[in-house]
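J.: Here is my input, please return the structure:
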Amino acid sequence: MKRPLLILVALVFTVPVFAVTGSSTPAAGSRIGVLRMSDRYSYGAEQTIATTVQTELRNELRARGFEAFDAQTTLDELSRGKADNADYYVEIVSSRGTNDQYGSVDVAAGAVGAELSIITSRVAAEVRLYDGKSLELVDPFDLHDDRTALLPTSVGVGGRHVFAAIAIPFVGYAQYRRAARVVARHAATLIAGQ
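T.: Below is the predicted model:
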């Protein structure tokens, strides 16, 4: 009589303890598919941010010991098919960003001049982690990053009668991408549970 009672007591306490200590974060070496963004977000800045975050997120997850890959599908397409290629899936649900310019100052030295502006880049993304077998939501993350810097926005050369200037928008774009990389790094850290 004591032995069956002892086994029953052991099961009662073992199952809940196992359930509590089980982790929803992926273990190192897990296969994580990074899903593509839905077509409804396929315009301009939103798609650029999503693509940057997706690429950087794969790189960051690989650096943390996961087998991260481009799933080459969206969650909608995956839910209609068979979801067994990965242990987990990550989706960038929405992404948005702004590149705002505040004031500027022109500086010149001889025949060369430049315009310097304060540029603030803001990037935000909603990232969701799904179980690879059931496609149940494991964890949602709302992430954002702001970057502000004094950057050159145009350069010019000229002489006494002629002056030519050209805008250099890629400087602001580079800052925009840096903010997207920080968002991806933060997402990888949260997914890894570090």
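J.: Now do the strands in this structure.
T.: Assigned by DSSP state E, the chain shows strands spanning 31-34, 67-70, 88-109, 112-131, 137-158, 163-167.
J.: Among those, which comes closest to residue 47?
T.: Evaluated over the strands of the chain, closeness to residue 47 peaks at strand 88-109, with 8.2 Å, by C-beta to C-beta. All C-beta atoms are positioned from the backbone trio N, CA, C, and that covers glycine.
J.: tell me the angle of that closest one relative to strand 163-167?
T.: Strand 88-109 runs at 170 degrees relative to strand 163-167, counting by axes from the mean of the first three to the mean of the last three C-alpha atoms, to 10 degrees.
J.: ok now do residue 109, which residues does it touch?
T.: Counting by C-beta atoms under 8 Å, 6 or more residues apart in numbering, residue 109 touches no other residue.
J.: And it, what's its pLDDT?
T.: As summarised for this prediction, residue 109 has a pLDDT of 85.
J.: Can you tell me which residue is spatially central in the protein?
T.: residue 184 (3.0 Å; C-alpha atoms, centre = their mean).
J.: Might you report the residue contacts of that one?
T.: Contacts of residue 184 by C-beta under 8 Å, 6+ apart are 52, 53, 54, 55, 56, 57, 59, 60.
J.: Now it: closest residue in space, sequence neighbours ignored.
T.: Leaving out its chain neighbours, the residue that sits closest to residue 184 by C-beta to C-beta, 6 or more residues apart in numbering is residue 56, at 3.5 Å.
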